[in-house]
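> Next one to model:
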Amino acid sequence: IAALHGPVAPAELVRRPWFAGPAGIQAASEEGRWLAAQSVAPEIVRLSSETEALAAVRAGEGTMLALGHIVRAEIRSGSLVRVPVAGTPISGLWWASTLDRGRATTMARTLQRFAGTADATAAMVAPGGSRGLERRGSKFHVALWS
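I've put the predicted structure just below:
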């Protein structure tokens, strides 16, 4: 697949498995709407996390739709390849849901404020976790969902 040039038809990609996190590819997501508009549907293999799905793609086991900023360094280094598929990249909006301020605890509100900072985003998308966090063991698990 990596050797294909020009806009690749999605039908070319469905012969191999597509990986996703535990939610798969939701119909209401940007990815789901894009797939619904195609004439073919891939086999979606749901793994326990987006990180595990990306690891399967790195190992050459299949394909996935990935966030550009998550895989940018690996594409630049050549360890991953962006396949030029017709209709991609896919644009969309991200959002987060939390309890309203009146129902959230003080600690939850503190975490909500931090989660919206550039430092939090950098830590969530950094390969191998945030600096030093991996050595000490993370007390939180953060999952990015599209």
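
> average pLDDT for the helix or strand harbouring Ala120?
Counting by DSSP states H and E, the element that carries Ala120 is helix 118-125. Across helix 118-125, pLDDT averages out at 72.

> again with stretch 20-37
Mean pLDDT, stretch 20-37: 87.

> Quick one: distance of it to the chain centre.
Put simply, stretch 20-37 sits 11 Å off its chain's centre (C-alpha atoms, centre = their mean, to the nearest Å).

> got it, and stretch 71-80?
Distance, centroid of stretch 71-80 to centroid of chain: 15 Å (C-alpha atoms, centre = their mean).

> So for it, what gets flagged as buried?
By 16 or more other C-beta atoms under 10 Å, the buried positions in stretch 71-80 come out as 71, 74, 80. Glycine gets a C-beta too; all of them are placed from N, C-alpha and C.

> show me the residues around the nearest residue in space to Gln38 that is not next to it in sequence that make contact.
In this structure, Gln38 finds its nearest non-sequential neighbour in Pro10, 4.4 Å apart by C-beta to C-beta, 6 or more residues apart in numbering. For Pro10, the contact set (C-beta atoms under 8 Å, 6 or more residues apart in numbering) comprises 35, 38-40, 42, 85-87.

> backbone phi and psi for Pro10, please?
Here is the backbone geometry of Pro10 (degrees, to the nearest 10): phi -50, psi -30.

> Kindly give the local confidence score, pLDDT, for it.
81.

> any low-confidence regions in the chain?
93-99, 101, 124-146 (pLDDT under 70).

> what about the residue located most distally from the centre of it, distance to Arg109?
In the chain, Gly102 marks the outermost C-alpha relative to the chain mean, sitting 31.3 Å out by C-alpha atoms, centre = their mean. Distance from Gly102 to Arg109, counting by C-beta to C-beta, to the nearest Å: 10 Å.

> picking that back up, how close does the residue nearest to Gln38 get to Gln112?
Pro10 is 38 Å from Gln112, by C-beta to C-beta.

> Likewise for Trp34?
30 Å.

> Have a look at these two and say which one is more surrounded.
Between Trp34 and Gln112, Trp34 has the larger neighbour count (other C-beta atoms under 10 Å), namely 18 against 14.

> Many thanks, we can stop here.
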